[in-house]
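Peer 1: Turn this into a structure:
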Amino acid sequence: MAISYEQHKEVSPHRTAKPSGAVGSRIPKLRLDMLKWPGRRIKAKEIIFFTSQLSLMLEVGTPLTSSLTAIENQTKNPAFKEVIQAMGKDIEEGLQLSDAMRRHPQVFNNVFISMIKAGETGGFLQKILDRLAEMQEKRQALIAQLRSTLTYPAILCLVGFLVVVFILVGVLPKFATFFAGKESILPITTRLLMAMSHSLQAYWWVYLISTVGLIVALKLWKESEPGQALIDRFCVSAPMVARLYNKIYTCQLLRTLGHLMSSQVPLLEALEVTRATIRNRHFSRFITQIMEHVEKGGRFAQPFTTYPYILDSVKQMVATGEEVGNLPTVMLRLAGFYDTEVDRELKNIASLIEPIALMVLGGVVGVIVASVILPLFRLAHAVH
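Peer 2: Below you'll find the model as predicted:
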């Protein structure tokens, strides 16, 4: 059974407010690990706790306003307490939960609100909350895995940098007078290090200003349109990293869209909301292509066949899921499978990065030590 635009053309009660996000738009500037709220921070784990607790209370038959009051009393973050309290007042005044959440876009994004709206309309809000909690937990697990993969190499690089600076500033200057006038017998590495040591001591302020300027320039470039375009292109097409990033983006697309569709959100609205959550412009444009194709009456799976950054297995399974009329289930199964793949690849990358970082750090320190010790042996030999 193919999914076409005609099947989702009717105006749905879910679409009370059009989700934001223009063609090719990027995800709003909200960090997944820490959501900012006027002067304070609301952590993603607090959102997960809120979602899980609300689902549990609704499951045991607690009224919505009483559930929000109970969760507010359990919440320690003052900023989040204000949000929950405001939502409770809005609901008491007659608003639905989704409309109350829509007044706090810094906390609840379009996917969250659309799925809550679908649950309210269909009468299965508690199940929707369970799905949202699952989505958030999987996203946090991915972030945690990425951090654990990069933390150790980052610490090694920082330690290596500090060791090099210490040797250049604190150790080599003590040998400067000893090596003075004997440059002809010094190895080129020693002469180079001595020059670097002198430069760092004399012009440390230039290096400091240059480093800060470089960091600021990189940040501005990263946020600029050309910078974002280049980074997005690098993520989907660069050797070594493209396969991993494409799996991550594909998982995000399949899981978000699968949950929205299984929550009875209309296809076009689900695609529009999903597009706003994708960080990469190439995948956002791909979703736009799907929307345009479906609006013209085409099959949902057709754009997948020509998109180069989607794995062949995903293309085949999406087509099969559309044919049998069980597309949401297929997409969620694929997302779960590639979650495992991403986790395994990240662990493999971590197992490769750690020894490489150790070898590089050891090599740098070894060259520096050798550049100091070897000249001493040469000078001792020349004296004898």
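
Peer 1: quick one: the strands in the stretch 1-150 of the chain?
Peer 2: Counting by DSSP state E, counting those that start in this stretch, the stretch 1-150 of the chain has strands at residues 34-37, 40-43.

Peer 1: List the strands paired with the last one, with their directions.
Peer 2: Spelled out, that is strand 40-43. Applying DSSP bridges to the sheet, strand 40-43 is found paired with strand 34-37 (antiparallel).

Peer 1: pLDDT on the strand it pairs with, on average?
Peer 2: Confidence for strand 34-37, expressed as mean pLDDT, is 43.

Peer 1: Any buried residues in whatever helix or strand residue 232 lives in, and which?
Peer 2: Here residue 232 sits within helix 225-237, counting by DSSP states H and E. Buried residues in helix 225-237, defined by neighbour count with 16 or more other Cβ atoms under 10 Å: 228, 232, 235-236. Glycine gets a C-beta too; all of them are placed from N, C-alpha and C.

Peer 1: can you list those residues in a markdown table and add distance to residue 252 and pLDDT?
Peer 2: Converted to a markdown table, the buried residues of helix 225-237 look like this (distance: Cβ to Cβ, whole Å; pLDDT from 0 to 100):
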| residue | distance to residue 252 | pLDDT |
| --- | --- | --- |
| 228 | 17 | 91 |
| 232 | 14 | 92 |
| 235 | 13 | 91 |
| 236 | 13 | 91 |
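
Peer 1: one step back: if you count contacts, what does the helix or strand following the helix holding residue 232 end up packed against?
Peer 2: On the C-terminal side of helix 225-237, the nearest following helix or strand under DSSP H and E is helix 242-262. With contacts taken as 3 or more Cβ pairs under 8 Å, 6 or more residues apart in numbering; DSSP states H and E, helix 242-262 sits against helix 110-122, helix 125-166, helix 225-237, helix 267-277, helix 281-295, helix 327-383.

Peer 1: returning to that earlier point: tell me the one among the buried residues of helix 225-237 nearest to residue 288.
Peer 2: Using Cβ to Cβ, residue 232 comes nearest to residue 288 of the buried residues of helix 225-237, at 14.4 Å.

Peer 1: Quick check: that closest one touching residue 281?
Peer 2: Yes - between residue 232 and residue 281 there is a contact at 4.8 Å, judged by Cβ atoms under 8 Å.

Peer 1: excluding its backbone neighbours, what's nearest residue 327?
Peer 2: Using Cβ to Cβ, 6 or more residues apart in numbering and skipping the chain neighbours, the partner closest in space to residue 327 is residue 321 (4.2 Å).

Peer 1: Just want the angle from the helix or strand encompassing that neighbour to helix 327-383.
Peer 2: Assigned by DSSP H and E, residue 321 belongs to helix 312-324. Angle, helix 312-324 to helix 327-383, by axes from the mean of the first three to the mean of the last three Cα atoms, to 10 degrees: 170 degrees.

Peer 1: Now do helix 312-324: everything it contacts.
Peer 2: Outside of helix 312-324, the residues within contact range by Cβ atoms under 8 Å, 6 or more residues apart in numbering are 1-3, 250, 254, 299-301, 304-305, 307, 327, 329-331, 333-334, 338.

Peer 1: Any of the residues you listed buried? List them.
Peer 2: Buried members of the contacts of helix 312-324, scored by 16+ other Cβ under 10 Å, are 3, 250, 254, 299-301, 304, 327, 330-331, 334, 338.

Peer 1: which stretches of the stretch 1-150 of the chain aren't confidently modelled?
Peer 2: Within the stretch 1-150 of the chain, the stretches with pLDDT under 70 are 1-40.

Peer 1: One more pass at 90, please.
Peer 2: Scanning the stretch 1-150 of the chain for pLDDT under 90 picks out 1-44, 105-106, 109-128, 130-150.

Peer 1: what angle do the helix holding residue 321 and helix 242-262 make?
Peer 2: Going by the same axes, to 10 degrees, helix 312-324 makes 20 degrees with helix 242-262.

Peer 1: how far does helix 312-324 sit from the chain's center?
Peer 2: On the basis of Cα atoms, centre = their mean, to the nearest Å, helix 312-324 sits 27 Å off its chain's mean C-alpha point.

Peer 1: Start at 37, not 1
Peer 2: Got it, the first residue is 37 from now on, which makes the last one we talked about helix 348-360.

Peer 1: got the buried residues for that helix?
Peer 2: Buried positions in helix 348-360, judged by neighbour count with 16+ other Cβ under 10 Å: 350-351, 353-355, 357-358.
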